[in-house]
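> Can you look at this prediction? I've put the sequence above it.
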Amino acid sequence: MSFAIDKQGDIVVVDVEGQLIVGNRQELKQKVLDELEKGGRKFLVDFTQTGYIDSSGLGVLVSLSKKIREQGGELRLANLNDDLKTLFELTKLDTLFQIADTRERALESF
Amino acid sequence: MKELVAILRAFHQTMRCGVSVWTEPAGGGALRVVAAAPALDGLPPRQSLPDGEGEQLRVRCGDSEMLVARVPGPWHNWVGLGPMAACAADDPERLLAFMVPVVAQQLQAAMEVEAAANELAERYEEINLLYTTSEILGRTVSLGEAARTILKEISETVGARRGAILVHDRVTDTLQAVAALGAASEEIPPIATDDPHSVSARVFRTQQLVQLEADEPTYAPESDYRDGAMLSVPILWTAPDIGLPLGVVNLSGRRSTQSFTAGDHKLVAAIATQIGTAIQNARLVRESLSQQRLLQEMQLAHDLQMRLLPRVTVVAPDAVVAARVVPAESVGGDFYHLFPLAAGRTGVMIGDVSGHGYRAALIMALAMSAAAIHAQATDDPGQMLRAMLASLREELELTEMYISGFYAVLDCNSRVLQYANTGHPHAFVVSVDGAVDRLHALDPPLGMVEDPPSAASREWNSGGDLLVLFTDGISDARDRRGRRLGEKAVLDTIIENRAATPAEIVERVFDMLSLHTGDTPRRDDLTLVITRS
């Protein structure tokens, strides 16, 4: 499990490999907050390689989204698998995030 | 020396000339007789004796004259023939030259025996010290007490009058005296392990023994136990892959003028290893005790948490409810609540606080208290959750936690089910005919957004419909190969057993869950509430 950070122009792209759960959520949070501190304002979290997000993982996404918005930035999500899409729909979290089907569409949407 | 005495006597009788052997002890001291035949009254003055090998001198010894030669070898020994006045030998010089190697050989043998005896005595002392040390460590619980006794014993064995045992404090990263000789340990200042001037800190960092000679400067924080040469030895705990430094043993103020020997180094290092094992053992015992205490406290917290959950009979006879909560850790964030309301209505709630452990348990307890207050104040589930959020908002923001919650009010008179759902994914009505209706989340979880929760309603077939609520711990439960149980499997079991009592249905679902997970550790709390009213 790890988080790869990549820059596509002024967009910070975070790839979540494996799971986003109680055990590693702080690592993701810290990495994104570090980028926010460095001036990053557009963030995309790509879940192509993510199998599972637990309730703590969802919590950290909401918390990051709030913090980024407070700085005038934006957090978008891409490539949720079917299970994760259902999870976002069932918990109404899909109303809180802009979710794109592919990385390209998400990048274009900024 | 018996052999030497016999040889001298035989020589005296055969040659009719007296013979004596004198020695000057190593490190100085008065000349003394080793053996003589016959015994003489006095001793020759030391300065008159020859120092060169093969040299023979006539020297005064009391009233007599003696012919003396030095015995070759590292020791200061002489052979003297005489008194010359009573010596019948024709050629005393030749006789003396004959006697010197004979005496040398005898003395060499005698000295070796003495050295071996001394060595043996020394080894005996060392073994005795090691034995005493392990005995002290074996029967003492307090490390400080053991350290003081060991320091005293080891100092006596190596002849040191000063010393200190310093142990690493992991919180402050300093070396602190737990025992001292020649000073009060509590007055010895702690030394930072990265102190560049301290010998103790260097020994701790490098895990290598250091011997300071008497003329090397003393570092002020180490002056309390330094007097002349100082031996500083690391206390190590050695595991198969690592040598962990735990402290330092310092010894100084040696009684003799000589420096510490290689034997002393080895002995102190052996003792230091024993002390290291004792320190590590004491630490492990302490950690194990605190772990045990923590487990007991967690168990207590779990019991308290379980007691917060209501008995299912509080809503009888209007509703029949079965519920079960199994926390992943001793305390968790899942909960349910039941409220008997006016005019035959029943309030049923399920909640899942994000995260586990104490913080989640605390939020869960707060949520339950707030729900109990607000459920009596309004019949509208949306307003109830809104009021609950108002009570918890500050705490949720502070802890960055949130609650996915569902609250329904069942009215068996008007046959209406009203509900509010803030991000709870698994809420269903299972009808008598086996149809399943999902009660979708109307809002994201409590604490995630500012907007107040809304409410919806649907028909409720009293006595037939089942309200099924469970948390994602159940549908996400993994088997040994990591496969999720899935929501469908849970619903299928419930549909299959829909005619049974809620208690029986809960039992079946948990049986099926156990078959799926086997002994795989739980990752999340499991909560299931089934209501018929």
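Cool, the structure landed.
> where does the residue in chain B sticking out farthest from the centre fall, phi/psi-wise?
Distance to the chain centre peaks in chain B at B:Asp90, reaching 81.7 Å (criterion: Cα atoms, centre = their mean). Phi and psi for B:Asp90, reported as degrees, to the nearest 10, are phi -80, psi -40.
> For B:Pro253, which residues are in contact?
No, residue B:253 isn't Pro; it's Gly. B:160-163, B:182, B:226-228 (Cβ atoms under 8 Å, 6 or more residues apart in numbering or on different chains). From N, CA and C alone the C-beta is placed, and that goes for glycine too.
> OK, contacts around B:Trp151?
Actually, residue B:151 is Leu. It isn't Trp. For B:Leu151, counting by Cβ under 8 Å, 6+ apart, the contacting residues are B:163-165, B:179-181, B:249.
> So among the residues you listed, which ones count as buried?
B:163-165, B:179-181, B:249 (16 or more other Cβ atoms under 10 Å in any protein chain shown).
> What does the pLDDT read for the closest residue to B:Glu487 other than its chain neighbours?
Spatial nearest neighbour of B:Glu487, excluding adjacent residues (Cβ to Cβ, 6 or more residues apart in numbering or on different chains): B:Ser475 at 4.4 Å. In this prediction, B:Ser475 carries a pLDDT score of 93.
> Next SSE downstream of the helix or strand of chain A with the lowest mean pLDDT?
Least confident element among the helices and strands of chain A, by mean pLDDT, DSSP states H and E: strand A:50-53 (a mean of 85). For strand A:50-53, the succeeding helix or strand toward the C-terminus, using DSSP states H and E, is helix A:55-70.
> That following helix near chain B anywhere?
Yes - counting by Cβ under 8 Å from any Cβ of the partner chain, chain B has neighbours in helix A:55-70: A:55-56, A:58-60, A:62-63.
> Got a quick PyMOL command for the buried subset of those?
Command for PyMOL, covering only those of those found buried under the criterion 16+ other Cβ under 10 Å:
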select buried, chain A and resi 55+56+58+59+60+62+63
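> Okay, now the unreliable bits of the stretch 51-200 of chain B?
B:135, B:137-142 (pLDDT under 70).
> quick one, strands of it?
For the stretch 51-200 of chain B, applying DSSP state E, counting those that start in this stretch gives strands covering B:56-61, B:64-71, B:76-81, B:160-169, B:174-181, B:191-192.
> Could you do chain A as well?
A:2-8, A:11-20, A:42-46, A:50-53, A:74-78, A:98-100 (DSSP state E).
> any chance of these in JSON lines, plus mean neighbour count?
Listed next are these as JSON lines, based on neighbours: other Cβ atoms under 10 Å in any protein chain shown:
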{"stretch": "strand A:2-8", "mean neighbour count": "13"}
{"stretch": "strand A:11-20", "mean neighbour count": "19"}
{"stretch": "strand A:42-46", "mean neighbour count": "22"}
{"stretch": "strand A:50-53", "mean neighbour count": "19"}
{"stretch": "strand A:74-78", "mean neighbour count": "21"}
{"stretch": "strand A:98-100", "mean neighbour count": "17"}
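> Tell me which of the ones you listed lies nearest to chain B.
Comparison of those against chain B by Cβ to the nearest Cβ identifies strand A:50-53 as nearest, at 7.9 Å.
> Please enumerate residues in contact with the closest one?
Under Cβ under 8 Å, 6+ apart, the answer for strand A:50-53 is A:16-21, A:47, A:61, A:81, A:83-84, A:87, B:476.
> and with 10 Å instead?
Residues from elsewhere that reach strand A:50-53, judged by Cβ atoms under 10 Å, 6 or more residues apart in numbering or on different chains: A:1, A:15-21, A:25, A:47, A:57, A:59-61, A:79-81, A:83-84, A:87-88, A:93, B:476, B:478, B:482, B:484, B:523.
> Over to stretch B:258-269?
For stretch B:258-269, using Cβ under 10 Å, 6+ apart, the contacting residues are B:27, B:119, B:122-123, B:125-127, B:129-130, B:154, B:157-160, B:163, B:209, B:211-214, B:228-236, B:249-252, B:254.
> Repeat the analysis, applying 7 Å as the threshold.
B:126, B:154, B:157-158, B:209, B:211, B:213, B:229, B:231, B:233, B:249, B:251, B:254 (Cβ atoms under 7 Å, 6 or more residues apart in numbering or on different chains).
> Now the buried members of those residues.
Judged by 16+ other Cβ under 10 Å, buried ones among the contacts of stretch B:258-269: B:126, B:154, B:157-158, B:209, B:211, B:229, B:231, B:233, B:249, B:251, B:254.
> Just those: which are in helices?
B:126, B:154, B:157-158 (DSSP state H).
> now, which of these sits nearest chain A?
So of those, ranked by how close each gets to chain A (Cβ to the nearest Cβ), first place is B:Ile154, at 47.4 Å.
> Of all pairs in the residues of helix A:55-70 next to chain B, which one is the farthest apart?
A:Ser55 and A:Ser63 (12.5 Å; Cβ to Cβ).
> still on that earlier bit, I'd like the contacts of B:Leu151 laid out as CSV, including distance to A:Ile11.
Formatted as CSV, these follow (distance: Cβ to Cβ, whole Å):
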residue, distance to A:Ile11
B:Gly163, 65
B:Ala164, 61
B:Ile165, 60
B:Ala179, 63
B:Ala180, 63
B:Leu181, 68
B:Val249, 60
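> Out of those residues, which is nearest to chain A?
Among the contacts of B:Leu151, and counting by Cβ to the nearest Cβ, the member closest to chain A is B:Ile165, at 40.3 Å.
> and that closest one, bridged to which residues?
For B:Ile165, the beta-bridge partners are B:Ala179, B:Val249 (DSSP bridges).
> From the centre of chain A outward, give me the first residue you hit.
A:Val45 (3.2 Å).
> ok, now which ones touch that residue?
Contacts here follow Cβ under 7 Å, 6+ apart; on that basis A:Val45 touches A:14, A:16, A:75, A:77.
> which one of the residues you listed is nearest B:Val321?
A:Leu77 (37.9 Å).
> picking that back up, out of the residues of helix A:55-70 next to chain B, which comes closest to B:Gly405?
So of the residues of helix A:55-70 next to chain B, ranked by how close each gets to B:Gly405 (Cβ to Cβ), first place is A:Ser55, at 12.1 Å.
> Could you tell me which strands sit next to the least confident helix or strand of chain A in the sheet, and their orientation?
Short version: by DSSP bridges, strand A:50-53 pairs with strand A:11-20 (parallel).
> what mean pLDDT does the strand it pairs with have?
92.
> and if you look at stretch B:6-18?
90.
> Assumed B:Met512 was part of a helix.
Yes - B:Met512: assigned to a helix according to DSSP: H, G, I helix; E, B strand; the rest coil.
> Would you mind listing where chain A has pLDDT under the threshold?
A:1.
> Do a quick rundown of the strands in the stretch 201-350 of chain B.
Using DSSP E, counting those that start in this stretch, strands in the stretch 201-350 of chain B cover B:210-212, B:230-238, B:243-254, B:320-326, B:334-340, B:345-353.
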